[in-house]
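Novice: this is a predicted model, with the sequence first.
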Amino acid sequence: MIRTLRVFLVLIVAGYGQTAPKNKFETKVEANKFSVLTTSGEAIFEKVFNDPAGLVVNLRDGSDVEYLIRDKKIENGIPKYFAYIYCITDSFYRIDSLYSGVYEPVPFYSNELERTLLLVGNPDFDSLYSPYEQEHFSSLNCLLYDEGNLYNVNDQVYDIFLQENEAIISYIESSWSGTGKDCSATTDIKSAVAAAYLNYLNAGEKVLAHQFLNDYYLCPDKESFKNFLDSQL
């Protein structure tokens, strides 16, 4: 996937740091093990992951914080990501866990909702990947944490979908530079086309979505491909 945007999104919330003064627990990620300790150093939880990275996030609208573990597993040469969200403020427990497909889960502060969201991918895209693709893409899902649950708020945000598509279209144009635009070229960037199409639909931009698909999906099965993508919404 395109990592530039991912790094930018992480930097938006990096100000929360890796510790918070109100936390009653210390979190550590060492090698592939995630540990939670009390302030006195007593270990109360340990879990072994594949390739974890940890980040303190603020998904609730307040001073309480959560801990996000992003785990990575390589399957057939393709990185797949999982998100594990834990409460670490007054008590420790797992809030939720999600499979994100090829999209690395990342917190993102939405100016539209004035809340930090968790951005994840669409695992149904796993069926689209071909061995000819150099990069793998997924459409975006925006999740809001409220009253102990994560809710999909794709219909309440707009800007993030267009930001994501700018990076995807730049990748497509770069991939096609100096080559012919035909069905074979489309096959090499199939998941990128699918991701951008659904991102436009999630943003409510149906005209842009259909025009994009006409311009970038150049295979004769366009209508059946479109029907498959529409079924993912």
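Specialist: That came in fine, so what should we check first?
Novice: alpha carbons only for contacts and neighbour counts from here, please
Specialist: Noted.
Novice: Asp126: what's it in contact with?
Specialist: Gly101, Val102 (Cα atoms under 8 Å, 6 or more residues apart in numbering).
Novice: now it: how far from Ser231?
Specialist: Asp126 is 15 Å from Ser231, where distance means Cα to Cα, to the nearest Å.
Novice: same thing with Pro79?
Specialist: 25 Å.
Novice: comparing the two, which shows the higher neighbour count?
Specialist: Pro79 (16 against 7; other Cα atoms under 10 Å).
Novice: pretty sure Tyr81 is touching Val106, no?
Specialist: No - with contact defined as Cα atoms under 8 Å, Tyr81 does not count as touching Val106 (10.7 Å).
Novice: which strand or helix spans the residue of the chain most remote from its centre?
Specialist: Here the centre of the chain is the reference, and by Cα atoms, centre = their mean the most remote residue is Ser40, at 35.1 Å. Under the criterion DSSP states H and E, no helix or strand holds Ser40.
Novice: give me the phi and psi for it.
Specialist: Note on Ser40: backbone dihedrals following degrees, to the nearest 10 are phi -90, psi 0.
Novice: now swap in Tyr129 and tell me
Specialist: Dihedral angles (degrees, to the nearest 10) for Tyr129: phi -70, psi 130.
Novice: so what's it up against?
Specialist: His136, Lys190, Ser191.
Novice: with Val153 instead?
Specialist: Asn141, Cys142, Leu143, Leu144.
Novice: of those residues, closest to Ile169?
Specialist: If you rank the contacts of Val153 by distance to Ile169 using Cα to Cα, Asn141 comes first, at 18.4 Å.
Novice: now Tyr109: closest residue in space, sequence neighbours ignored.
Specialist: Thr116 (4.1 Å; Cα to Cα, 6 or more residues apart in numbering).
Novice: mind checking what secondary structure the one you found has?
Specialist: strand (DSSP: H, G, I helix; E, B strand; the rest coil).
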